[in-house]
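K.L.:
fold the following.
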Amino acid sequence: MKPNNTLLDRAQIYRSVFDATPPLPKSDPSFFLAPEVLDQPSADLQGMSSWDIATRYHEFKSIRSLREKWKYLRRISALAILDKAQEILGSVVHPMEQRLGILSDLPVYAENTDLDLDETLDHSPLAVVDILDQDGGSSLLDYSVTAQDIWMSYTVRRRQSLVFSVDTSLSMTGEKLALTAVALAVVLLEFPDDPIGIVAFENEAKVLKNPDEKISLQMLIERFLDVPAQGYTHLEEGIKAALRLVQIAQIGGQGKPASVVLLTDGKYTAGRDPAYLACRFGHLVVLKMGAERASLELCRELARKGHGVLHEVDELESLPRVMYGVVKDLLRGHSIS
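P.N.:
Here you go, the predicted model:
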């Protein structure tokens with residue numbers, strides 16, 4: 001599933017952002033400009049790629065003269081993130097489930113439908129009415145068959161309940177935040193109709209999407225981009241919020257256990273050691289971001305107690321690819337213990 005916007009659409013959006021943008025002032029102390037922006041004329045912005053804008057979205061939001069352009073910058077960033085996710089995802093075959101049901105209850109999304117004659121004959125109550133001729137001779141059987149009497153075999157996509165808890169603290173700005181958004185988009189593109197919940201945490205945890213909420217991918221990525229990066233990391237609160245969403249996801253996923261994916265560097269600067277919470281998960285996948293070894297043991301403990309697995313992501317540039325591997329494991333059914 002690719003975004004609907006064509007390259008021409010995006011070019012028009014891009015021009016609309018910067019054509020009327022005033023020159024960037026260099027001496028106004030009321031807002032922050034990164035050093036690399038201070039000496040960059042506004043005309044150079046027109047030469048930036050959409051991915052460059054995505055990696056510097058938070059930086060541009062701090063420029064007061066671009067306030068009226070924020071929503072356009074956010075849209076460009078979201079589209080660039082979705083494009084990169086689609087490139088990584090490619091074509092993944094989604095697993096199917098074989099089901100039986102009566103014709104009247106056949107879901108609209110059913111595939112490979114076929115009449116199951118054996119089930120129809122064995123289980124359908126056929127109304128039989130004897131009709132005698134005027135001479136009291138032979139009887140005729142009149143079968144009155146409805147859609148409730150016909151059994152069909154069909155396949156449907158296997159639904160996957162997922163909850164993501166993502167560190168968006170101060171260390172996750174710039175390209176790190178954009179790459180994390182790509183990793184999330186990889187999953188959302190593959191499971192567009194499934195009960196997916198997303199929590200972002202820094203000083204506190206914020207639910208970006210409830211598992212039963214219907215929202216476009218672009219809007220969700222825009223929500224994620226607008227999460228304010230704060231200085232502290234409250235890992236305990238992020239895990240608690242994920243546990244609350246698990247309950248909703250299991251209901252939406254027809255009672256199937258929800259897998260939880262935790263994106264963290266394993267460090268916390270607020271709250272308690274969260275290891276005591278891990279045993280409450282049915283399946284916890286921990287993506288440990290960064291090469292620092294001091295926090296590795298906590299990540300191992302979380303994955304072990306959470307009946308899941310640990311993936312080390314030393315270079316954040318590889319995070320979307322690692323997430324792609326997690327998606328493939330989910331599709332194969334390897335994620336649920």
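K.L.:
show me where the stretch 1-150 of the chain has helices.
P.N.:
Along the stretch 1-150 of the chain, the stretches classed as helices by DSSP state H, counting those that start in this stretch are 7-18, 35-38, 50-55, 57-61, 70-89, 117-123.
K.L.:
for the second one, give the mean pLDDT please.
P.N.:
What that stands for is helix 35-38. Helix 35-38 carries an average pLDDT of 41.
K.L.:
what do you get for the fourth one?
P.N.:
Taken as a whole, helix 57-61 has a mean pLDDT of 82.
K.L.:
what's the answer for the longest one, then?
P.N.:
Along helix 70-89, the predicted local confidence has a mean pLDDT of 89.
K.L.:
from the contact counts, what lies against that helix?
P.N.:
Judged by 3 or more Cβ pairs under 8 Å, 6 or more residues apart in numbering; DSSP states H and E, helix 70-89 is in contact with helix 7-18, helix 50-55, helix 57-61, helix 175-190, helix 217-225, helix 319-332. In short, each C-beta sits where N, CA and C put it, glycine included.
K.L.:
for the stretch 201-337 of the chain, what spans make up the helices?
P.N.:
Ranges of helices in the stretch 201-337 of the chain, per DSSP H, counting those that start in this stretch, are 217-225, 235-252, 296-305, 319-332.
K.L.:
can you tell me what sits against stretch 317-324?
P.N.:
84-85, 88-89, 179-180, 182-184, 186-187, 261, 263, 287, 289, 311, 313 (Cβ atoms under 8 Å, 6 or more residues apart in numbering).
K.L.:
quick check: mean pLDDT of that stretch?
P.N.:
Averaged across stretch 317-324, pLDDT comes to 88.
K.L.:
any buried residues in it, and which?
P.N.:
Under the neighbour-count criterion of 16 or more other Cβ atoms under 10 Å, stretch 317-324 has 319, 320, 322, 323, 324 buried.
K.L.:
so residue 53 touches residue 78, yeah?
P.N.:
No - taking Cβ atoms under 8 Å as the definition, residue 53 is not a contact partner of residue 78, at 10.3 Å.
K.L.:
who has more neighbours out of these two?
P.N.:
Using other Cβ atoms under 10 Å as the criterion, residue 53 and residue 78 rank with residue 78 on top: 26 against 23.
K.L.:
mind checking pLDDT for the residue lying closest to that one once chain neighbours are set aside?
P.N.:
Nearest residue to residue 78 in three dimensions, chain neighbours excluded: residue 221, at 4.2 Å (Cβ to Cβ, 6 or more residues apart in numbering). Looking at residue 221, its pLDDT reads 94.
K.L.:
number of residues surrounding residue 221?
P.N.:
Residue 221: 27 surrounding residues under other Cβ under 10 Å.
K.L.:
and it, how far from residue 176?
P.N.:
Per Cβ to Cβ, to the nearest Å, residue 221 is found 15 Å from residue 176.
K.L.:
residue 300 too?
P.N.:
From residue 300 to residue 176 the distance is 22 Å (Cβ to Cβ).
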